[in-house]
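Asker: Mind folding the following:
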Amino acid sequence: MRRYGGDYSRGSVDLSFLHILMGVVAGISIDAALTHGLVGLSRRPRDGTRLSFAVAALAVAVGALSVVAMYSADSAQEHVAIMKWLLYPSSAVWTASLVWLVAFYTGVRPTRWLLALTAGFCVAIVLNLSMPLGLLHHEVGELREVHMMGSHAVGIAGTSPHPLNLLTDVLVVASLVFMAYALRVVDRRGERGKAAYVGVAVAAFAFTMLVDTLTDYGLVSSFYLTELCFAGVVLAVSGGLRRESLRQEAELRLYRTELESLVEARVAELDRANERLADEVRVRLAAEEALRRRVAELDSLQHLSQTLAGRTDLPSALDEATEEITELCRARFTTIHLALDAEGEPAGPLGDVTSTTAFAGTASLRDFPPFKEAIDRREAIVVADPAHAELPPHLVERVAAERVRDLLVVPMEARAEVVGVLSVARRHDAPAFSESETKVAQTAADALAAAVESERLHKRETRQAAADERQRLARELHDAVTQSIYSATLIAEALPEVWEREPSAGLRNLETLRRLVHGALAEMRTLLFELRPEALRAAPLDSLLERLGVALSGQAQISVEVRVEEDVELPIDVKIAMYRVTQEALSNIAKHARAQQVTVSLRADAAGATLRVQDDGRGFDPSAVAPDGMGLRIMRERLDQIGATIDIDSAPGRGSTLFVTWPRPAGDGRLDGREVEGELTETHSRDDRG
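Answerer: Numbers count the residues shown, from 1 in each chain. The predicted model follows:
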């Protein structure tokens, strides 16, 4: 118990109940501030509701302790100072924090309004601290006794708040308006429990603020109830936060359950995705392996094609091809069975078969059922257990020795005809032939068939060309050399008798005989040159033209003059073309012109070459001759190949002249005079030695 000095009617003041009450309020407030403040700080993101509640609780604790000190003051100045420095600031902070608490708790947060209210309370605190007596006292009055709830305290009588305290009242009313608005919004949302807690807090706040305001203005005599009100607010807010926590915990448990289910579902989905990914990886690896295999197959097929295309002879090319196909098909060995004719050459369609490369005698590929089936079906077949199949004897022995499980038989088809059979053997420990490998083997068989058919056609063309050349030589010998030798033989047989009768006539016959023999020799040399293309290409052009002139003179008893002027060497193709055109022109003169004199002149220089063949025969009308007659078509074709032109000047009764002009292309390489002379000398030396 404590007794205060002064002139009081009751003499003493009992503060025990007030100490207990305010101490309980301060303890509750501090506990709430620590509990909810730590919880609000620990959450991520920060819990604004609990932090604002912690600030408000801490402010109420300060206010409760300031009330105890204020009602225990020994003087009016001390009483006023406590209200200015402690009670008013804590009440302002408590009110602003309560506004933010309601805003966070209800979710109604008009940010500008809240910031304006907070700024207003800050201004009010600054004004209160700057006033000499604060905003709650306009002047210092006298202490007076206050009796309430069985307790006695001291207060100041005969004073009123500062006029600027109206700002505080406006802020309090604005706070009440906001809290009422938030309560209405929560109620409209249907959150009845939250609305009840907010309603209790708002009602307690409104009642205590009303009583405290009336006390400030001296209209009632009472303790300041703000701090006592907070005990109810703490209970209401704690209950609300507890309910909110329970709801959040329930939601969290539900969320965890859903999260676990979601995680399980996600894990299951990931497992399925991993399985799909593994399947895709396997498919991708298989595709890559197939692609690598395909590239290797294409490389092997390309190499096989190059081998067949660059072959020097068919047997060696087929040997290399069998090695390529064996590696390509991962086989044990490969065999090629061809249809051959009686001379051992590719016979073509199997209808003409007399033997095969696999066996001797008169057996046919169709005599063996697996081969016959593949040929008749025109597709590849796989022979299982080929050791017991009806195959050629040597193939059966090799199949048994190599322990072959599968034998792939593929027909070799060219130009819609089967020219042979390809057999590919695979061992018992190797996989069966796949569809892709069968297609590759069929492609290889087609390439082999094309090579075999090409070889057959080439040999046929070679034989035909040889036969044609023999016939041409026979005609040349009959038309030229044979006639000359025959004429020479007749003259030689008659020469003794003619010599006895008339020696001068014998001399003339000897001259004729000499000319005939010389011409026959020139014709024989020309034919020999044509049989050796290399010699023809190497001989000088003037020598070639001289031989043609001598041959014509001996054959047709015509005087031939050959003049060649070469300042530069002509290209090989131009030289051959000029030679062939001259040969054709002299042949036409011998057959049709009935000429006595022929002149052949050739001039070659840096600008090109000019050939002129002139005779004094009976001539002809060039317009009346067909373009492809008299060898003109052949001559024009040869000259077109070198870019030369041909002109013919002739008329009946006055002979004929043939002009050939070849312009040298720009940049065409040529030898100088000394090199030409050296080359011609070397060629003549070779001719003399021959």
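
Asker: which helices and strands does the helix or strand Glu397 falls within pack with?
Answerer: Using DSSP states H and E, Glu397 sits within helix 393-401. With contacts defined as 3 or more C-beta pairs under 8 Å, 6 or more residues apart in numbering; DSSP states H and E, the packing partners of helix 393-401 are strand 417-427. Where C-beta positions appear, they are placed from N, C-alpha and C, glycine not excepted.

Asker: Tell me the helix or strand right after the strand it packs on.
Answerer: helix 435-476.

Asker: So for the helix or strand that comes right after that next one, mean pLDDT?
Answerer: Counting by DSSP H and E, the next helix or strand C-terminal to helix 435-476 is helix 482-501. The average pLDDT within helix 482-501 is 73.

Asker: okay, the angle between the following helix or strand past the helix holding Glu397 and helix 393-401?
Answerer: Next helix or strand after helix 393-401 toward the C-terminus (DSSP H and E): strand 404-414. On the basis of axes from the mean of the first three to the mean of the last three C-alpha atoms, to 10 degrees, strand 404-414 is oriented at 140 degrees to helix 393-401.

Asker: In the sheet, which strands lie alongside strand 404-414, parallel or antiparallel?
Answerer: Applying DSSP bridges, strand 404-414 is found paired with strand 381-384 (antiparallel), strand 417-427 (antiparallel).

Asker: Please compute how far it lies from its chain's middle.
Answerer: Centroid separation for strand 404-414 versus its chain: 38 Å, with C-alpha atoms, centre = their mean, to the nearest Å.

Asker: Mean neighbour count, the strands paired with strand 404-414: which tops it?
Answerer: Ranked by mean neighbour count under mean count of other C-beta atoms under 10 Å, the strands paired with strand 404-414 are led by strand 417-427, which reaches a mean of 24.

Asker: where along the stretch 1-150 of the chain do the helices fall?
Answerer: Using DSSP state H, counting those that start in this stretch, the helices assigned to the stretch 1-150 of the chain run over residues 16-42, 48-70, 76-82, 88-106, 111-130.

Asker: Could you give me the buried positions within the first one?
Answerer: For helix 16-42, burial by neighbour count (16 or more other C-beta atoms under 10 Å) applies to 18, 21-22, 25-26, 28-30, 32-33, 35-37, 39-40.

Asker: Just checking, which of those comes out lowest on pLDDT?
Answerer: Lowest pLDDT among the buried residues of helix 16-42: Leu18, 70.

Asker: can you list the helices of the stretch 1-150 of the chain in CSV and add distance to Leu490?
Answerer: As requested, these are exported to CSV (distance: least, C-beta to C-beta, whole Å):
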stretch, distance to Leu490
helix 16-42, 141
helix 48-70, 142
helix 76-82, 171
helix 88-106, 144
helix 111-130, 140
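
Asker: Go through the buried residues of helix 16-42 and say which is closest to Phe368.
Answerer: Nearest to Phe368 out of the buried residues of helix 16-42 is Val39 (C-beta to C-beta; 96.2 Å).

Asker: Would you enumerate the residues in contact with that closest one?
Answerer: 47, 50 (C-beta atoms under 8 Å, 6 or more residues apart in numbering).

Asker: re earlier: looking at the strands paired with strand 404-414, which is closest to Ser623?
Answerer: Across the strands paired with strand 404-414, closest to Ser623 is strand 417-427 (C-beta to C-beta), at 50.6 Å.

Asker: returning to that earlier point: lowest average pLDDT across the helices of the stretch 1-150 of the chain?
Answerer: Across those, helix 16-42 gives the lowest mean pLDDT, at a mean of 81.

Asker: Against Ile336, how distant is the closest residue to Val399 other than its chain neighbours?
Answerer: Ranked by C-beta to C-beta, 6 or more residues apart in numbering and with sequence neighbours excluded, the top spatial neighbour of Val399 is Pro386, at 4.8 Å. According to C-beta to C-beta, to the nearest Å, Pro386 and Ile336 sit 16 Å apart.

Asker: picking up where we left off before, wait, which of the strands paired with strand 404-414 is closest to Arg293?
Answerer: That would be strand 417-427 among the strands paired with strand 404-414, by C-beta to C-beta, at 15.6 Å.

Asker: quick one, that closest one and helix 435-476 angle?
Answerer: 140 degrees.

Asker: Use 844 as the first number from now on
Answerer: Right, with 844 as the first residue, what we last looked at is strand 1260-1270.

Asker: Extract the C-alpha set from strand 1260-1270 and format it as PDB.
Answerer: Extracted in PDB, the C-alpha atoms of strand 1260-1270 (Å, rounded to 0.1, in the frame of the first residue of the first chain):
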ATOM      1  CA  GLU A1260      16.300 -61.900-118.800                       C
ATOM      2  CA  VAL A1261      18.100 -64.000-116.200                       C
ATOM      3  CA  VAL A1262      21.800 -64.300-116.900                       C
ATOM      4  CA  GLY A1263      22.900 -66.200-113.800                       C
ATOM      5  CA  VAL A1264      22.300 -66.900-110.100                       C
ATOM      6  CA  LEU A1265      23.900 -65.400-107.000                       C
ATOM      7  CA  SER A1266      24.000 -67.600-103.900                       C
ATOM      8  CA  VAL A1267      25.000 -66.200-100.500                       C
ATOM      9  CA  ALA A1268      25.700 -68.600 -97.600                       C
ATOM     10  CA  ARG A1269      25.400 -67.800 -93.900                       C
ATOM     11  CA  ARG A1270      26.600 -70.000 -91.000                       C
END
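
Asker: avg pLDDT for that strand?
Answerer: 80.
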